[in-house]
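Enquirer: Okay, here's the prediction I keep looking at, along with the sequence it came from:
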Amino acid sequence: MTDLETQDQIKYSILASGSTGNATYIETPHRRILVDAGLSGKKIEERMAQINRSLADVDGIFVTHEHSDHIQGVGVLARRYNLPIYANAGTWAAMRDKIGKINPEQQFELPPASVLDLGDLQVESFAVSHDAAQPQFYQLHHDQQALCIITDTGYVSEQVAGTIRNADAYLMECNHDPEMLRNGPYTWSLKQRILGDEGHLSNEEGAEALMDVIGPQTKQVVLGHRSQHNNYRELAHLTVQGILQAQGLGVDHDFQLWDAEPDQPLPLRSVNS
(Lines give C-alpha, C1' and ligand atoms only; values in the text may rest on other atoms or scores of the structure.)
Protein backbone atom coordinates (compact mmCIF):
# COMPACT_ATOMS: atom_id res chain seq x y z
CA MET A 1 0.00 0.00 0.00
CA THR A 2 1.46 3.39 -1.01
CA ASP A 3 1.82 6.46 1.22
CA LEU A 4 -1.00 8.16 -0.68
CA GLU A 5 -3.31 5.21 -0.02
CA THR A 6 -2.59 5.27 3.74
CA GLN A 7 -2.90 9.03 4.23
CA ASP A 8 -6.61 8.84 5.08
CA GLN A 9 -6.42 5.85 7.40
CA ILE A 10 -6.18 5.41 11.14
CA LYS A 11 -2.55 4.93 12.09
CA TYR A 12 -1.44 3.61 15.45
CA SER A 13 1.50 2.46 17.51
CA ILE A 14 1.26 0.50 20.72
CA LEU A 15 3.94 2.33 22.70
CA ALA A 16 3.80 -0.18 25.57
CA SER A 17 1.51 -2.99 26.67
CA GLY A 18 1.94 -5.08 29.79
CA SER A 19 1.79 -5.04 33.57
CA THR A 20 4.60 -2.45 33.73
CA GLY A 21 2.81 0.15 31.62
CA ASN A 22 0.32 0.74 28.82
CA ALA A 23 0.01 3.47 26.20
CA THR A 24 -1.27 3.53 22.62
CA TYR A 25 -0.83 6.34 20.11
CA ILE A 26 -3.51 6.87 17.43
CA GLU A 27 -3.63 9.39 14.62
CA THR A 28 -5.86 10.41 11.72
CA PRO A 29 -5.05 13.14 9.21
CA HIS A 30 -6.32 15.80 11.66
CA ARG A 31 -6.19 14.28 15.15
CA ARG A 32 -3.56 12.65 17.39
CA ILE A 33 -4.38 11.07 20.75
CA LEU A 34 -3.09 8.69 23.40
CA VAL A 35 -5.14 5.98 25.05
CA ASP A 36 -3.61 5.69 28.52
CA ALA A 37 -0.20 6.94 29.65
CA GLY A 38 1.00 4.23 31.99
CA LEU A 39 4.73 4.88 31.74
CA SER A 40 6.72 7.81 33.08
CA GLY A 41 6.45 11.01 31.09
CA LYS A 42 10.07 10.63 30.00
CA LYS A 43 9.57 7.10 28.73
CA ILE A 44 6.47 8.07 26.76
CA GLU A 45 8.39 10.96 25.20
CA GLU A 46 11.13 8.48 24.24
CA ARG A 47 8.68 5.98 22.74
CA MET A 48 7.00 8.75 20.74
CA ALA A 49 10.38 9.87 19.40
CA GLN A 50 11.07 6.28 18.32
CA ILE A 51 8.04 6.45 16.01
CA ASN A 52 8.93 9.99 14.86
CA ARG A 53 6.06 11.66 16.64
CA SER A 54 5.90 14.39 19.30
CA LEU A 55 3.64 14.81 22.31
CA ALA A 56 3.51 18.50 21.42
CA ASP A 57 1.14 17.52 18.60
CA VAL A 58 -1.15 15.30 20.67
CA ASP A 59 -4.75 16.46 21.16
CA GLY A 60 -5.53 14.59 24.38
CA ILE A 61 -5.23 11.48 26.54
CA PHE A 62 -8.11 9.05 26.98
CA VAL A 63 -7.88 7.11 30.24
CA THR A 64 -9.34 3.61 30.62
CA HIS A 65 -9.07 3.24 34.42
CA GLU A 66 -7.05 4.39 37.39
CA HIS A 67 -4.53 1.56 37.83
CA SER A 68 -0.97 2.86 37.85
CA ASP A 69 0.11 0.94 34.74
CA HIS A 70 -2.40 3.06 32.82
CA ILE A 71 -2.05 6.51 34.43
CA GLN A 72 1.54 6.87 35.65
CA GLY A 73 2.39 9.57 33.10
CA VAL A 74 -1.03 11.22 32.78
CA GLY A 75 -0.48 14.07 35.24
CA VAL A 76 3.01 15.09 34.16
CA LEU A 77 2.11 14.99 30.46
CA ALA A 78 -1.09 16.96 31.04
CA ARG A 79 0.86 19.68 32.80
CA ARG A 80 3.90 19.65 30.51
CA TYR A 81 1.95 19.75 27.24
CA ASN A 82 -1.34 21.31 28.38
CA LEU A 83 -3.21 18.19 27.25
CA PRO A 84 -6.93 17.59 27.72
CA ILE A 85 -7.63 14.44 29.75
CA TYR A 86 -10.76 12.37 29.10
CA ALA A 87 -12.17 9.80 31.53
CA ASN A 88 -15.51 8.83 33.00
CA ALA A 89 -16.75 10.13 36.36
CA GLY A 90 -15.73 7.06 38.36
CA THR A 91 -12.22 7.05 36.95
CA TRP A 92 -11.78 10.77 37.56
CA ALA A 93 -12.81 10.32 41.20
CA ALA A 94 -10.41 7.40 41.65
CA MET A 95 -7.37 8.91 39.93
CA ARG A 96 -7.41 12.59 40.96
CA ASP A 97 -5.24 12.03 44.01
CA LYS A 98 -2.82 9.86 41.99
CA ILE A 99 -2.05 12.19 39.07
CA GLY A 100 -1.56 15.51 40.83
CA LYS A 101 -3.16 18.84 40.10
CA ILE A 102 -4.80 19.19 36.68
CA ASN A 103 -6.28 22.46 35.47
CA PRO A 104 -10.10 22.09 35.49
CA GLU A 105 -10.13 23.34 31.90
CA GLN A 106 -8.16 20.21 30.92
CA GLN A 107 -10.57 17.79 32.61
CA PHE A 108 -13.25 16.24 30.43
CA GLU A 109 -15.80 13.58 31.30
CA LEU A 110 -16.59 10.83 28.79
CA PRO A 111 -19.18 8.37 30.11
CA PRO A 112 -19.37 4.72 29.05
CA ALA A 113 -21.44 3.91 25.95
CA SER A 114 -20.88 7.33 24.41
CA VAL A 115 -19.15 8.73 21.33
CA LEU A 116 -17.00 11.85 21.32
CA ASP A 117 -16.69 13.48 17.89
CA LEU A 118 -13.28 15.09 17.34
CA GLY A 119 -13.80 15.96 13.68
CA ASP A 120 -12.22 13.17 11.65
CA LEU A 121 -11.89 10.91 14.72
CA GLN A 122 -14.75 9.52 16.78
CA VAL A 123 -13.92 7.98 20.17
CA GLU A 124 -16.44 5.38 21.34
CA SER A 125 -16.33 4.25 24.97
CA PHE A 126 -17.59 0.94 26.34
CA ALA A 127 -17.61 -0.51 29.84
CA VAL A 128 -15.64 -3.64 30.75
CA SER A 129 -15.42 -5.94 33.78
CA HIS A 130 -12.31 -5.16 35.82
CA ASP A 131 -11.53 -4.42 39.46
CA ALA A 132 -11.36 -0.68 39.02
CA ALA A 133 -13.78 2.12 39.85
CA GLN A 134 -15.45 2.41 36.43
CA PRO A 135 -13.28 0.76 33.77
CA GLN A 136 -13.94 1.45 30.11
CA PHE A 137 -12.07 1.01 26.87
CA TYR A 138 -12.27 2.65 23.48
CA GLN A 139 -12.98 2.00 19.85
CA LEU A 140 -11.61 4.65 17.49
CA HIS A 141 -13.47 5.41 14.25
CA HIS A 142 -12.39 7.26 11.13
CA ASP A 143 -13.91 7.13 7.64
CA GLN A 144 -15.60 3.72 8.17
CA GLN A 145 -12.44 2.29 9.78
CA ALA A 146 -12.26 1.12 13.39
CA LEU A 147 -9.46 0.33 15.82
CA CYS A 148 -10.54 -1.38 19.04
CA ILE A 149 -8.50 -1.41 22.26
CA ILE A 150 -9.64 -3.87 24.92
CA THR A 151 -7.40 -5.08 27.74
CA ASP A 152 -7.91 -5.38 31.51
CA THR A 153 -11.19 -7.26 31.52
CA GLY A 154 -12.22 -10.53 33.13
CA TYR A 155 -14.50 -11.44 30.25
CA VAL A 156 -15.97 -9.97 27.07
CA SER A 157 -19.74 -9.75 27.33
CA GLU A 158 -22.05 -10.24 24.39
CA GLN A 159 -22.91 -6.54 24.61
CA VAL A 160 -19.25 -5.56 24.31
CA ALA A 161 -18.69 -8.10 21.53
CA GLY A 162 -21.59 -6.59 19.61
CA THR A 163 -20.11 -3.11 20.02
CA ILE A 164 -16.63 -4.05 18.78
CA ARG A 165 -17.42 -6.72 16.18
CA ASN A 166 -15.73 -6.50 12.75
CA ALA A 167 -13.22 -3.75 13.54
CA ASP A 168 -10.28 -3.27 11.17
CA ALA A 169 -7.77 -3.80 13.98
CA TYR A 170 -7.77 -5.02 17.58
CA LEU A 171 -5.47 -4.72 20.55
CA MET A 172 -6.77 -7.70 22.54
CA GLU A 173 -5.70 -8.81 25.98
CA CYS A 174 -3.91 -12.15 26.34
CA ASN A 175 -2.63 -11.68 29.86
CA HIS A 176 -1.74 -15.10 31.22
CA ASP A 177 -1.50 -18.83 30.81
CA PRO A 178 -3.74 -20.32 33.54
CA GLU A 179 -1.32 -23.11 34.46
CA MET A 180 1.64 -20.74 34.68
CA LEU A 181 -0.44 -18.45 36.86
CA ARG A 182 -1.64 -21.23 39.18
CA ASN A 183 1.91 -22.57 39.58
CA GLY A 184 3.58 -19.17 39.75
CA PRO A 185 4.81 -16.93 42.58
CA TYR A 186 1.69 -14.79 43.10
CA THR A 187 -0.35 -15.04 46.31
CA TRP A 188 -3.51 -17.11 46.12
CA SER A 189 -5.69 -14.01 46.50
CA LEU A 190 -3.95 -12.31 43.57
CA LYS A 191 -4.28 -15.45 41.47
CA GLN A 192 -8.00 -15.53 42.23
CA ARG A 193 -8.30 -11.87 41.31
CA ILE A 194 -6.61 -12.36 37.92
CA LEU A 195 -8.65 -15.48 37.13
CA GLY A 196 -11.95 -13.90 38.18
CA ASP A 197 -14.62 -12.07 36.24
CA GLU A 198 -13.03 -8.73 37.16
CA GLY A 199 -9.48 -9.80 36.36
CA HIS A 200 -7.70 -10.42 33.08
CA LEU A 201 -8.24 -12.53 29.97
CA SER A 202 -6.09 -15.63 29.59
CA ASN A 203 -4.59 -16.56 26.23
CA GLU A 204 -7.49 -18.92 25.58
CA GLU A 205 -10.10 -16.37 26.65
CA GLY A 206 -8.52 -13.72 24.43
CA ALA A 207 -8.66 -16.14 21.52
CA GLU A 208 -12.31 -16.97 22.24
CA ALA A 209 -13.18 -13.28 22.33
CA LEU A 210 -11.42 -12.78 19.02
CA MET A 211 -13.34 -15.68 17.47
CA ASP A 212 -16.53 -13.83 18.36
CA VAL A 213 -15.54 -10.41 17.00
CA ILE A 214 -13.22 -10.90 14.02
CA GLY A 215 -15.07 -10.18 10.79
CA PRO A 216 -14.43 -9.72 7.08
CA GLN A 217 -13.19 -6.17 7.68
CA THR A 218 -10.56 -7.27 10.24
CA LYS A 219 -7.00 -6.98 8.96
CA GLN A 220 -4.88 -6.81 12.13
CA VAL A 221 -4.88 -8.33 15.60
CA VAL A 222 -2.30 -7.40 18.23
CA LEU A 223 -2.04 -9.43 21.43
CA GLY A 224 -1.42 -7.24 24.45
CA HIS A 225 -1.12 -6.81 28.22
CA ARG A 226 0.97 -9.97 28.49
CA SER A 227 2.05 -10.86 32.03
CA GLN A 228 5.79 -10.98 32.49
CA HIS A 229 5.43 -13.62 35.23
CA ASN A 230 2.59 -15.80 33.97
CA ASN A 231 3.01 -15.83 30.20
CA TYR A 232 5.48 -15.40 27.40
CA ARG A 233 5.21 -14.12 23.88
CA GLU A 234 5.57 -17.38 21.96
CA LEU A 235 3.06 -19.19 24.17
CA ALA A 236 0.44 -16.46 23.83
CA HIS A 237 0.95 -16.18 20.09
CA LEU A 238 0.87 -19.92 19.37
CA THR A 239 -2.14 -20.48 21.64
CA VAL A 240 -4.20 -17.80 19.94
CA GLN A 241 -3.00 -18.77 16.47
CA GLY A 242 -3.91 -22.42 17.04
CA ILE A 243 -7.39 -21.69 18.38
CA LEU A 244 -8.23 -19.26 15.58
CA GLN A 245 -6.90 -21.55 12.88
CA ALA A 246 -8.88 -24.47 14.31
CA GLN A 247 -12.00 -22.35 13.75
CA GLY A 248 -11.07 -21.74 10.12
CA LEU A 249 -9.88 -18.16 10.62
CA GLY A 250 -7.08 -17.16 8.27
CA VAL A 251 -4.27 -16.06 10.59
CA ASP A 252 -1.54 -14.27 8.61
CA HIS A 253 -3.70 -14.63 5.51
CA ASP A 254 -7.00 -12.81 6.05
CA PHE A 255 -5.50 -10.82 8.92
CA GLN A 256 -2.10 -10.35 10.56
CA LEU A 257 -1.38 -11.49 14.11
CA TRP A 258 1.19 -9.45 16.05
CA ASP A 259 2.45 -9.15 19.61
CA ALA A 260 2.71 -5.94 21.65
CA GLU A 261 5.73 -5.49 23.88
CA PRO A 262 6.17 -3.87 27.30
CA ASP A 263 9.55 -2.29 26.57
CA GLN A 264 9.43 -1.02 22.99
CA PRO A 265 6.84 0.51 20.66
CA LEU A 266 5.42 -1.31 17.68
CA PRO A 267 6.08 0.51 14.38
CA LEU A 268 3.50 3.10 13.39
CA ARG A 269 1.17 1.42 10.90
CA SER A 270 -2.14 1.95 9.17
CA VAL A 271 -5.07 -0.26 10.20
CA ASN A 272 -5.31 -1.78 6.73
CA SER A 273 -1.62 -2.04 5.81
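Expert: Yep, it's here. Just so it is clear, the model here is predicted, and its values are computed rather than measured.

Enquirer: What distance do you get for residue 175 to residue 140?
Expert: For residue 175, the distance to residue 140 (CB to CB, to the nearest Å) stands at 22 Å. No exception for glycine: its C-beta is placed from N, CA and C like everyone else's.

Enquirer: likewise residue 7?
Expert: Remark: distance between residue 7 and residue 140 (CB to CB) = 17 Å.

Enquirer: Likewise for residue 183?
Expert: For residue 183 relative to residue 140 (CB to CB), the value is 38 Å.

Enquirer: between these two, which one's more packed in?
Expert: A direct count of neighbours by other CB atoms under 10 Å for residue 183 and residue 140 places residue 140 higher, at 28 against 11.

Enquirer: For residue 194, see how far away that one is.
Expert: For residue 140, the distance to residue 194 - CB to CB - is 27 Å.

Enquirer: now swap in residue 101 and tell me
Expert: Distance of residue 101 to residue 194, computed by CB to CB: 33 Å.

Enquirer: Between the two, tell me which one has more neighbours.
Expert: residue 194 (22 against 9).

Enquirer: pretty sure the more buried one contacts residue 173?
Expert: No. Using CB atoms under 8 Å, residue 194 is not in contact with residue 173; the gap is 11.4 Å.

Enquirer: what is in contact with those two at once?
Expert: In terms of CB atoms under 8 Å, 6 or more residues apart in numbering, residue 194 and residue 173 are both contacted by the residues residue 200.

Enquirer: Nearest spatial neighbour of residue 115, chain-adjacent residues omitted?
Expert: In space, residue 115 comes closest to residue 124 once its chain neighbours are excluded; the distance is 4.8 Å by CB to CB, 6 or more residues apart in numbering.

Enquirer: now the helix or strand hosting the one you found: mean pLDDT?
Expert: Per DSSP states H and E, residue 124 falls inside strand 122-127. Averaged across strand 122-127, pLDDT comes to 98.

Enquirer: quick one: contacts of it?
Expert: By CB under 8 Å, 6+ apart, the list of residues contacting strand 122-127 from outside reads 33, 62, 86, 88, 110-116, 134-142, 160, 163-164.

Enquirer: ok, which stretches of this structure are helices?
Expert: Counting by DSSP state H, the chain has helices at residues 3-6, 41-50, 68-71, 74-81, 89-99, 158-164, 178-183, 188-195, 203-213, 233-246.

Enquirer: Now render these as JSON lines, adding mean pLDDT and distance to residue 26.
Expert: Listed next are those as JSON lines, based on pLDDT from 0 to 100; distance: least, CB to CB, whole Å:
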{"stretch": "helix 3-6", "mean pLDDT": "45", "distance to residue 26": "14"}
{"stretch": "helix 41-50", "mean pLDDT": "98", "distance to residue 26": "12"}
{"stretch": "helix 68-71", "mean pLDDT": "98", "distance to residue 26": "15"}
{"stretch": "helix 74-81", "mean pLDDT": "98", "distance to residue 26": "15"}
{"stretch": "helix 89-99", "mean pLDDT": "98", "distance to residue 26": "19"}
{"stretch": "helix 158-164", "mean pLDDT": "98", "distance to residue 26": "15"}
{"stretch": "helix 178-183", "mean pLDDT": "96", "distance to residue 26": "31"}
{"stretch": "helix 188-195", "mean pLDDT": "96", "distance to residue 26": "28"}
{"stretch": "helix 203-213", "mean pLDDT": "98", "distance to residue 26": "19"}
{"stretch": "helix 233-246", "mean pLDDT": "98", "distance to residue 26": "23"}
